[in-house]
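>>> Dropping the sequence and predicted coords here.
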Amino acid sequence: MESQSETTQTVSALKLPMLKTRDYDLLSMRMEQYLTHIDYDLWEVIVNGDVPAIASASTGTEDPIAPKTIEQKLARKNELKTKSTLLLAIPDEHLLKIHRIKDAKTLWEAIKARSEGLDKTYDRFQKLISQLEIHGEVISQEDANLKLLRSLPSAWNNIA
């Protein structure tokens, strides 16, 4: 039987997964393993969300409720711990763009969207162009560029 100190050393030796370009799928698998190993409730925060919110009458937006019960306090603790863990896994160049996101579930979705962004879109687009060429359809580079730019989400308009 392992002693308490050996167990603590094993847990503290776990390496926090870090997001790398084009590696969202790998990060997803590793982060799920990491969070479920530390505390399964932390992964549940990402899957289900865990911050109770109410609509504010003055602004019409949703604001977090101050935790009152033990369950609410635990949910808030899990939310903050999960969000902090996710933020630790983000490279500095991306951190400034997503640090203001309020909850862990939305943060996870933003990480996924950013990771699956332009690179994967371009790869899928290139595959489609190649398939068209196989079937005898030739598309000029200029036309292909315009089609790619039009296919980007509206969030990319200022860049495109």
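Looks like it came in fine. Not measured: the values here are computed from a predicted model. Residues are numbered from 1 along each chain as shown.
>>> Which residues does stretch 25-35 contact?
Identification of contacts with stretch 25-35 by Cβ atoms under 8 Å, 6 or more residues apart in numbering yields 14, 16-20, 42-43, 46, 82, 85-86, 89, 111-112, 115. All C-beta atoms are positioned from the backbone trio N, CA, C, and that covers glycine.
>>> Any buried residues in it, and which?
In terms of neighbour count (16 or more other Cβ atoms under 10 Å), stretch 25-35 has its buried residues at 27-28, 30-31, 34-35.
>>> what secondary structure does the spatially most distant residue from the centre of the chain sit in?
What lies farthest from the middle of the chain is Gly136; by Cα atoms, centre = their mean that is 39.3 Å. Taken by DSSP: H, G, I helix; E, B strand; the rest coil, the conformation at Gly136 corresponds to coil.
>>> pLDDT check: weakest of the contacts of stretch 25-35?
Ranked by pLDDT, these bottom out at Leu14 (70).
>>> residues contacting that residue?
Contact analysis of Leu14 by Cβ under 8 Å, 6+ apart lists 34, 37-38.
>>> Just put these in a markdown table and tack on pLDDT.
As requested, the contacts of Leu14 are exported to a markdown table (pLDDT from 0 to 100):
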| residue | pLDDT |
| --- | --- |
| Tyr34 | 86 |
| His37 | 84 |
| Ile38 | 84 |
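>>> Could you point out the longest helix of this structure?
helix 70-88 (DSSP state H).
>>> So which elements touch the helix or strand just after that helix?
For helix 70-88, the following helix or strand on the C-terminal side (DSSP states H and E) is helix 92-98. Applying 3 or more Cβ pairs under 8 Å, 6 or more residues apart in numbering; DSSP states H and E, one finds that helix 92-98 contacts helix 104-115.
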